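A.B. asks: Could you work out the structure for the sequence below:
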Amino acid sequence: QGQFCAMFGFSLAVTVATLSARSQKPNIIFNLVDDNGWAGVGYNNPYVTTPTLDALAKGGLTLTAHYVYQYCAPTRGSFLTGRYPFRLAATRANFIPWTLPDGTHLGYAMLPKKLKAAGYRSVHIGKWHQGIYTPEYTPVGRGFDESYGFLEGGEDHNKSTTFGNWCKRGEVDLSVGKAGGPTGDAPYPYTWSTCEWVPAPGVALHNFFDNTSVDIHGYNPFSTSSFPNDEGCRALCENRIDCAGYSWRANDTGSTNYHRCFLVSLAGNGKPEADFLSARCNRKKVSSQSNDPQAGATTIAAVGDNGTYTGILFSNQATAVVREHATRFEDQPLFMYFAMHDTHAPLEAPWEYVAPFAEQYPTDQPRAIFYGMLSFVDATVKNLTTALKETGMWDNTLYVWTNDNGSPVSVGGSNHPLRGGKGSDWEGGTRVPTFVTGGLLPASQIGKTHDGVIHICDWHVTILKLAGVDPTVGEPNAPAPLDGIDAWPFVSGTSETSSRKEIIYSHRMFSFANVSKKACYNVSTPEGRKCITGTVMRNGWKLVVGPIMQNSWFGWFSPNVTTPINKSSPVLTDPACLPGTPCLFNLNESITEHDDVAGQNPDVVASMLSWFDEIAKEYHPPMENPPVDLDGYCAAVNDNFNFVGPWQRVPVADLINQYAQ
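C.D. replies: Now for the predicted structure:
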C-alpha cells in the first residue's frame, strides 16, 4: 500500500508538473530579417550557405505564401499593430527623412503594450523605424520594457552613423531603452532644458508654426491652430529641445494671424509690432534627478557601443536577454522582437563571413559581401536558438523567422524566381521566406511545407491569442479596425488550410486626380477624386493597378558583373500595368507572374476592381507628410552627445488639443 501511495504521489506530481508547464504562457521570439529576399536562404538558393536556417526550417514548419509590405517601416508597423500597411502613415514615405515629426499612429496599441495584460516581459532589439520625434513613438514608449538598437530606418553597420547625415555631423543612432530607467523613475531621455522666460516686448520673433511665413533661414516645418492665450504657445516652446523663444499675436482680431503662435529655435528678427507678446528662453538644464512630471520612459545614447559591427551587438544582446531571462525572469513569459539590420544596405559584414565568398567570387564584391551577411544572419540565429535550448526555454517557445520585404535588386540580393524586388508589389517584393519552429510547434507540423496564405499582420492577432489576450481590447482611439486573423489553427495543424483568402498588398491614395482615368486610376472620395495605385489578391487572383516598376526577373544575384543595373536602369524604371490596363495573375497556377491573364478574364478584373474601389472608402493615412523639423532634430543630436533622439516631449497635436480654442 505504501509503495502504491508513493507511486501514486510520484505520478500525480509528474502530472501536475506537466499540466503546469503546458499552462505556462509561451515565449515568443519574432525574428525579422532586413532585405533578405526570397532566395536569401539555402533552402531556396543553392548558392548561399545557411545551414542553421535550413535545419530549423526542416525541423519546423515552412511557409511559402507569407506576405509583407514592399518595404521596411510599413511591414514592421503591420506586425506591431495588426493592420494592413495601407492604413499606416509609413506607406506615404517610409518615414524618410528621419527629421519628419511623424510615426505610426498612437491610437494603435502595439503588441508589447497589449501583452502587458498577460504579464509578458517585452524586449526590442535592433531596428525600430516606427517614428522617434517624441518619447511616445520610441520602443519603450510603445510598450517594450527594454530596447537596444537604433531608432531610425538605416545606418552604417560598422559605425552606427545614420543614413542622410541630416545634421552634417555624422550623427549616430544607437540607444538603450528601459521603462522608467535604471531606477524606474528616471527622466526622459536625457537632460531636457527648461526655460526661465525673459520678456521681449515689441519684438515679433520669426516663427516655425505660422504656415504663411518662415524663420530667418527660410525654413518652416509646422503650422498650428489658434490658441486662446500665450500659455499654449509657451508650452509648445517648452515641449521642444533648444527652443529659444515664442511670440503670440493676440490683439488684432481681424488678422489672419490672430491667436497665432510663433515659435523659434534661434534668435528671431521679426519686426516689432505692438500686438505681439514675445518672450525669450534662458535655458536651464534639468538635472538627472529631476522629478519633472512630464518625464517618461528613458532612452539613452549607447555611447561607446558605436564602432562595433551592429549585428554583433544585437546578436550578443539577444543571447544575453535569453540567458538573463532564464535566471531572473523564469516565472514571466518573454516576447522578443529581434529586428536584425542585416542584410540591409550598406553591404558590410565581418571579413570572416565574407572571406569564403570573396575567394569564390573574386570579381563580384557585392555578391561576396551579401552572401557573407547571409552567413552572419545564420550564425546569429544559431547563437540565439542555442541559448534558448541551453536555458531550457526552447520547449515552451514559438520562434518565427521571417523578412520585412524582398531584396533590393539594384543593391544586392535575389528573389529568384519571383518577379521584381523591394519597392514593388510583385511577388519578389512581398512574398518572403518564413518558417516557424520551437517547442511550441506541434510534432505533427515538423518537416512540413505549407502554401496557405499568411500576412504579417496575422502574427499580431495569433501571438495575442496564444497569450490569452483579446486583440481588440485597449485601442479606443484606433483609426481603423484590426485586419489580422488568428493563424494558429493553420500553423498548429488543427486546420488543414489557412482561413486567409485575400490580401491587400497596397492601396496608395496620396494625390488628387482629375476626372480622367488616363493619367491615373482614380475614384471619388469624400475629399475629392484621388489617384490610386495598389495591388490586391483574392482566392489566388492578383490584381495590379499600376504603374508598377521593376517589371522583370533578376536571376540568382543582382546586380551582377554581367547585368550592372542601378536605380535608374530602364529594367527597373519602365512601368507595367498602366492606368486603364490593370494586370491580373493567377497565383494558383504560377507565382512567377509571367502571364498577365486580364484579357482572358474580364469578369474577374471587373470584380476585383470593384473591391479595389471599395477599399478607397476605408481609413487611409493623411495624404501629406508633416513638414520636416531639421532644427528640432539637430538640436536633440547636439544635446545628446551627437546621438539621435526625440526632440519633443509630446506630439504637437496633443498640445494643440489641450490649448486650442
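A.B. asks: end to end, how far does stretch 390-404 reach?
C.D. replies: Length of stretch 390-404, first residue to last, C-alpha to C-alpha, to the nearest Å: 29 Å.
A.B. asks: for it, what is the average pLDDT?
C.D. replies: Mean pLDDT, stretch 390-404: 98.
A.B. asks: again with stretch 97-117
C.D. replies: Stretch 97-117 comes out at a mean pLDDT of 95.
A.B. asks: List the buried residues in that stretch.
C.D. replies: Residues of stretch 97-117 classed as buried: 97-106, 108-116 (neighbour count, 16 or more other C-beta atoms under 10 Å). For the C-beta atoms, the positions are set from N, CA and C on the backbone; glycine is no exception.
A.B. asks: Next secondary structure element downstream of whichever helix in the chain runs longest?
C.D. replies: The residue-count maximum for a helix in the chain (DSSP state H) belongs to helix 365-390. As assigned by DSSP states H and E, the chain's next helix or strand after helix 365-390 is strand 397-403.
A.B. asks: now the strands for the stretch 301-450 of the chain?
C.D. replies: Along the stretch 301-450 of the chain, counting by DSSP state E, counting those that start in this stretch, strands occupy 334-339, 397-403, 434-437, 448-450.
A.B. asks: got the contact list for the shortest one?
C.D. replies: Put plainly, it is strand 448-450. Outside strand 448-450, the residues that touch it by C-beta atoms under 8 Å, 6 or more residues apart in numbering are 61-65, 490, 493, 498.
A.B. asks: Let's see that with 7 Å instead.
C.D. replies: For strand 448-450, the surrounding residues in contact (C-beta atoms under 7 Å, 6 or more residues apart in numbering) are 61-64.
A.B. asks: quick one: which of the strands of the stretch 301-450 of the chain is nearest Pro199?
C.D. replies: strand 334-339 (48.4 Å; C-beta to C-beta).
A.B. asks: related to what we said a few turns ago, got the buried residues for the longest helix of the chain?
C.D. replies: 366-385, 387-388.
A.B. asks: quick one: contacts for Ser78?
C.D. replies: Contacts were defined as C-beta under 7 Å, 6+ apart; by that measure Ser78 touches 69, 84-85, 88, 456-457.
A.B. asks: State whether it is indeed within a helix.
C.D. replies: Yes: assessed by DSSP: H, G, I helix; E, B strand; the rest coil, Ser78 belongs to a helix.
A.B. asks: Distance check, it against Phe86.
C.D. replies: 9 Å (C-beta to C-beta, to the nearest Å).
A.B. asks: Repeat that for Leu440.
C.D. replies: According to C-beta to C-beta, Leu440 stands 31 Å off from Phe86.
A.B. asks: of the two, who's got more company?
C.D. replies: Applying other C-beta atoms under 10 Å to Leu440 and Phe86 shows that Phe86 carries more neighbours, namely 24 against 19.
A.B. asks: Can you tell me the SS state at that one?
C.D. replies: Three-state call for Phe86 (three-state DSSP): helix.
A.B. asks: check contacts around it.
C.D. replies: 504, 506-507, 620.
A.B. asks: okay, these in JSON lines with distance to Phe357 next?
C.D. replies: Below are the contacts of Phe86 laid out as JSON lines (distance: C-beta to C-beta, whole Å):
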{"residue": "Ile504", "distance to Phe357": "38"}
{"residue": "Ser506", "distance to Phe357": "34"}
{"residue": "His507", "distance to Phe357": "40"}
{"residue": "His620", "distance to Phe357": "43"}
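A.B. asks: Now render those as TSV, adding distance to Gly126, secondary structure and neighbour count.
C.D. replies: Formatted as TSV, the contacts of Phe86 follow (distance: C-beta to C-beta, whole Å; DSSP: H, G, I helix; E, B strand; the rest coil; neighbours: other C-beta atoms under 10 Å):
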residue	distance to Gly126	secondary structure	neighbour count
Ile504	27	strand	22
Ser506	25	strand	24
His507	28	strand	21
His620	29	coil	24
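A.B. asks: will you turn these into a markdown table that also has distance to Thr194 and pLDDT?
C.D. replies: Listed next are the contacts of Phe86 as a markdown table, based on distance: C-beta to C-beta, whole Å; pLDDT from 0 to 100:
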| residue | distance to Thr194 | pLDDT |
| --- | --- | --- |
| Ile504 | 46 | 98 |
| Ser506 | 44 | 98 |
| His507 | 45 | 97 |
| His620 | 39 | 95 |
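A.B. asks: just those now: which is nearest Ala302?
C.D. replies: Nearest to Ala302 among those: Ser506, at 34.6 Å, using C-beta to C-beta.
A.B. asks: Quick check: which element contains the nearest residue to the closest one once chain neighbours are set aside?
C.D. replies: Spatial nearest neighbour of Ser506, excluding adjacent residues (C-beta to C-beta, 6 or more residues apart in numbering): Gly534 at 4.5 Å. For Gly534, the host element (DSSP H and E) is strand 528-538.
A.B. asks: Centre of the chain to that strand, how far?
C.D. replies: 22 Å (C-alpha atoms, centre = their mean, to the nearest Å).
A.B. asks: Give the next helix or strand downstream of it.
C.D. replies: Next in sequence after strand 528-538, counting helices and strands by DSSP H and E, comes strand 541-545.
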